[in-house]
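> sequence below, structure please.
(chains A and B)
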Amino acid sequence: MIFLFFGGIIKLKFNVANMMYFSGILKSDVTDASEKVVGRLKDILIKSQDGEYAPLEFLVIAGKGGGLFYIPYGETEHISKSGVVLRRVWDKLERVTERPTGCLSLVDDIYDQQIMDINGARVVRANDLRFAVVDDKMRVVGIDVSVRGLFRRLGLLWLDVFHLLKTNLIDWRDASPVRGTLKIGALASNFHRLHPADMADIIEDLHLKRGSKLVGYLDPRSAAKVLEEMDEETQKKFLKSFDPGRIRQILDNMSTDEVVDLIQSFSKSDAAVYLSFLGDERHQAVKKLLAHDDDTAGGLMTVDYIPVSLDLTVAQAMEEVRKFSARFRSILYIYGINTEGVFRGAISLRRLLLAKPEQKLREVIKKQKRLPTLSPDDNLNYICDMMTRYNLFSVAVLDKDHKMLGVVTIDDVMRTMRPRA
Amino acid sequence: MFKNFWPKIVIALGVVGPGLIAGAANNDAGGISTYAYAGSRFGYLLLWVLTLNVITLFVTQSVGARLGIYTGKGLSALIRENFGVRATVLALLTLFIANTAVSASEMAGIASSFEIFGVSKFITVPIFAVLIWWILYKGSFKKVERFFLLISLFFVVYVFAAVMAQPDWAEVGRALTVPHFSFGSAYLVAFLGIMGTTVTPWGQFFIQSYIVDKGVSPKYFKIEKWEVFLSAFFTCLIAAMIIITTKNVLYDNGIVVDSAKSAALSLRPILGNWAEFLFGFGFFCASLLGAFILPLTTSYTICEALGFEYGMNRTWKEAPWFYGLMAVIIGIASVIVLLPFLSLFHIMVSAQVVNAILLPVILVFVALLMNKTKKLGLPEPSKFQKFWYNLVTWEAVVRLSLVSLLLLVVSIFPNAGDHIINWAKDILF
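Numbers count the residues shown, from 1 in each chain, chains lettered A, B, ... in the order given. Just a heads-up that it's a prediction; the model follows:
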């Protein structure tokens, strides 16, 4: 859908007569002002900048008598399917024999390479490139990723008698070459706009080497989120490809139960190595969770919850939420405990919002006696039954002395049912 | 002195394990049939080809591993990025035809394992075609993969069968090292079949994407090379054992294998009355494994090179080419197997011959790529290594092309072989 949409935009904005494909002009003859054939078009160099259509900068011409020449695009009179015509005679042209720096080569860096399509959240291959005049300059406006583009390259378009094949253009500004000299920073800034789950999809498409490079350019928090979206096997492969400092950063930013799942999937010796990357507090929490079976409340629960004293005011409790919110995946309730860590009750964010700021938590919190809770050995079936029956989004897990151990959220339960999603 | 002993053993076992499994799994139903045919028809006469195959397989696979480790890209992606669209289409078309042929051979394997027990192919093939596509589509294949892989280890039994047959090992040694050649078309078919089932186009693509997926870092290249070597060695070892067994059990008694049932006979001395059942079961699992892997990897490779969406986590709507291609391959393979005038056994052996004839195309790409060290960012190999890699790869290209050509000539002019020999004699003497 997105592509039809872009096709529409391109048609509206540009003069259709001025449009052409790279495959149509590549290797065509270059004629100078005296109508003498001086060489063939071998490549085109562009300057790429974030958020704009890349203007053509230099034509790379294989001279008739041999040698490569870089001619500024301004020297062209006319460029079309029938060939390139230069404005001046060959001898008078400004021509460079050294490759100009800071340019991307269409042939080496874009053509046939893998392209990240940010809008479609996928990796595709550039089958052809579309040029058009925008703001008085000839520019690359779209990347053809369609089968039609392939057929055009092969010179087989005539086979498509019934016009079954559709052109599928990606807007140049939404695409980033995966390889090449394009600044990775710019690439990652675009990449950033995606949802972590979509980022994970793209990264998995790219294979390990380039994928892990891309993850490497994300900030630790986004990198951790992307990793959380991958399945365990892929997570492991990616983690192993990073250096220890990076691993530490990422593990620090992953939620505790994801770390637990991950460490559980490692062999004993590997698990010990990765445990040692964790900070002291985290280390203890993870070790405790590791002791429980996978599909019991103890194994499912997270320790990323907000415990507060009942003596706090509502305003103070809100302050706690602010403090933790960046670190936790989800916050639905905050939990009241006494000084020994015994569970005293829970309050939803909604109730907290509606309560008066100066009220004491003790007055507004739902008391422990009226709340269903879990013990660490409760199994998955029991948890599902209970959460459905009482319409709960999350449940506290208590030990036999009613000390709070963690929280099972609806997300944790869903994950066991659809592990691949 | 012993301090470093145990860790080394552990690493060694870690390498031998996967190598052994890969080696055993390389010998699918088509391979077993081809070796059994070769052994029962020509005795030891083709053993020397296996010696060459170990070298060819090891070198081409380690070149593939090298390309994978240093570029992090699959073979089809490298071809596309370095040789353009036309070359890519040529390579993919080659792969598609070869792999569809192998898929047909796997389907034939499934059908013939049931035929041992008297179930017609017209019942088994349609059922399994639908089942395989459904499981691939649902993405639940990974769960069963290891199980089948383990079962296909069954064919290691041939090692024991060969020893039990008490062959003349000196004779075996001679047959392994002294080349023998003949111009009969049956010999040429068996020759190509043996080559085509060990060194395959799909194996070349597979090793590279396997390495890329595993994310092996360059510093482990040496270990990876050992794994590749062991898998090549075990592949050919088991092949040799099958030939030795069938020579002693069948060839010496004048039986030529022409079906899975008669191939199972070769295991009678070791397994007794269980031979047919166990052989059939192992045959079935090995075929089924291949029947899953081939459509999947073929479609994956084609989609990656042409830029279509792919991957098991996509839906039919997101990746129609990916699932569509798998369906097409399974469909064509099933239709070939169901053709009433082709015997299942013929399909299995011919598929390997098709592979051998097409393999040079892929090997030429591999050879060209491995010499592009600078452009691909590969470390420069030593002069000797470079020479050795090139020698082995191009030798395989030439050998395969010559024998394929010869087979073509001999099938058109049955007497061409005699003419060539006479002509050679005239020149030499």
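
> what's the domain layout of chain A?
Taking automatic domain parsing as the domain assignment, the ranges for chain A are A:2-174, A:179-291, A:307-417.

> helices or strands next to the host helix or strand of A:Tyr335 in the packing?
Element membership for A:Tyr335 (DSSP states H and E) is strand A:333-337. On a contact count with 3 or more Cβ pairs under 8 Å, 6 or more residues apart in numbering or on different chains; DSSP states H and E, strand A:333-337 meets strand A:307-308, helix A:314-325, strand A:343-348, helix A:349-354, strand A:404-409. Every C-beta, even on glycine, is put in place using the N, C-alpha and C of the backbone.

> before we move on, back to that, now mean pLDDT and distance to B:Gln208 too, for the domains of chain A, in a markdown table please.
Converted to a markdown table, the domains of chain A look like this (pLDDT from 0 to 100; distance: least, Cβ to Cβ, whole Å):
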| stretch | mean pLDDT | distance to B:Gln208 |
| --- | --- | --- |
| domain A:2-174 | 79 | 16 |
| domain A:179-291 | 76 | 11 |
| domain A:307-417 | 86 | 34 |
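
> of all the ones you listed, which one is nearest B:Tyr158?
Of all the domains of chain A, domain A:179-291 sits nearest to B:Tyr158, with 33.2 Å by Cβ to Cβ.

> and B:Val349, what does it touch?
Contacts for B:Val349 (Cβ atoms under 8 Å, 6 or more residues apart in numbering or on different chains) come out as B:30, B:33-34, B:37, B:189-190, B:193.

> and the pLDDT for it?
Listed pLDDT for B:Val349 reads 91.

> swap in B:Lys3?
51.

> kindly report the same for B:Leu131.
90.

> count of neighbours near A:Glu340?
Neighbourhood size, A:Glu340 [other Cβ atoms under 10 Å in any protein chain shown]: 8.

> before we move on, the earlier item: list the ones among the contacts of B:Val349 that fall in helices.
Using DSSP state H, the members of these that fall within helices are B:30, B:33-34, B:37, B:189-190, B:193.

> in TSV, list those residues along with pLDDT and distance to chain A.
Output for the ones in helices among the contacts of B:Val349, formatted as TSV (pLDDT from 0 to 100; distance: Cβ to the nearest Cβ, whole Å):
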residue	pLDDT	distance to chain A
B:Gly30	89	30
B:Ser33	92	34
B:Thr34	93	34
B:Tyr37	93	39
B:Val189	91	34
B:Ala190	92	38
B:Gly193	93	33
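
> picking up where we left off before, out of the helices and strands packed on strand A:333-337, deepest packed?
Highest mean neighbour count among those (mean count of other Cβ atoms under 10 Å in any protein chain shown): strand A:404-409, with a mean of 25.

> could I get the domains of chain A as JSON lines with distance to B:Val89?
Converted to JSON lines, the domains of chain A look like this (distance: least, Cβ to Cβ, whole Å):
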{"stretch": "domain A:2-174", "distance to B:Val89": "6"}
{"stretch": "domain A:179-291", "distance to B:Val89": "22"}
{"stretch": "domain A:307-417", "distance to B:Val89": "42"}
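
> correct me, but A:Val413 touches A:Gly299?
No: under the criterion of Cβ atoms under 8 Å, A:Val413 is not in contact with A:Gly299, lying 11.7 Å apart.

> can you pick out the residue with more neighbours from the two?
Remark: of A:Val413 and A:Gly299, A:Gly299 carries more neighbours, 23 against 18, as counted by other Cβ under 10 Å.

> tally of neighbours for the residue nearest to the more buried one when sequence neighbours are not counted?
Of all residues not flanking A:Gly299 in the chain, A:His292 sits nearest, at 4.2 Å (Cβ to Cβ, 6 or more residues apart in numbering or on different chains). Other residues lying near A:His292 total 19 when counted by other Cβ under 10 Å.

> quick check, A:His292 in a strand?
No: in this structure, A:His292 is coil, not part of a strand, as judged by DSSP: H, G, I helix; E, B strand; the rest coil.

> which residues are in contact with it?
Residues in contact with A:His292, defined by Cβ under 8 Å, 6+ apart, are A:298-299, A:301, A:376.

> return the residues of the stretch 151-300 of chain A in contact with chain B.
A:153-154, A:201, A:204-205, A:207-210, A:212, A:237, A:240-241 (Cβ under 8 Å from any Cβ of the partner chain).

> what is the neighbour count of B:Phe205?
Applying other Cβ under 10 Å, we find 24 residues neighbouring B:Phe205.

> report whether the helix or strand hosting it contacts chain A.
Here B:Phe205, judged by DSSP H and E, is contained in helix B:201-214. Yes: applying Cβ under 8 Å from any Cβ, one finds helix B:201-214 in contact with chain A at B:212-214.

> among those residues, who's most crowded?
In terms of neighbours by other Cβ under 10 Å, the residues of helix B:201-214 next to chain A top out with B:Val212 at 22 neighbours.

> can you list which of the residues of the stretch 151-300 of chain A next to chain B are found in helices?
Counting by DSSP H, those place A:153-154, A:201, A:204-205, A:207-210, A:212, A:237, A:240 in helices.

> any idea which of these is closest to chain B?
Of all these, A:Lys209 has the smallest distance to chain B: 2.7 Å, by Cβ to the nearest Cβ.

> so who does the closest one touch?
A:Lys209 makes contact with A:241, B:71-73, B:212, B:215, according to Cβ under 8 Å, 6+ apart.

> save these as a markdown table, and put in distance to A:Asn127 too.
Listed next are the contacts of A:Lys209 as a markdown table, based on distance: Cβ to Cβ, whole Å:
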| residue | distance to A:Asn127 |
| --- | --- |
| A:Ser241 | 30 |
| B:Thr71 | 21 |
| B:Gly72 | 22 |
| B:Lys73 | 18 |
| B:Val212 | 22 |
| B:Gly215 | 28 |
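
> please tell me how far the nearest residue to A:Lys81 once chain neighbours are set aside sits from chain B.
Nearest non-adjacent residue to A:Lys81, counting by Cβ to Cβ, 6+ apart: A:Gly24, 4.6 Å away. With distances taken as Cβ to the nearest Cβ, to the nearest Å, A:Gly24 is found 14 Å from chain B.

> so what's residue 29 closest to, chain neighbours aside?
If you meant another chain, say so; for now it's chain A. A:Gly83 (4.6 Å).

> hmm, no, I was thinking of chain B.
Excluding the flanking residues, the one nearest B:Ala29 by Cβ to Cβ, 6+ apart is B:Gly109, at 2.8 Å.

> what sits against that neighbour?
Contacts for B:Gly109 (Cβ under 8 Å, 6+ apart) come out as B:28-30, B:33, B:260, B:283-284, B:286-287, B:290-291, B:344, B:348.

> so which of those residues are in helices?
Residues of those located in helices (DSSP H): B:29-30, B:33, B:260, B:283-284, B:286-287, B:290-291, B:344, B:348.
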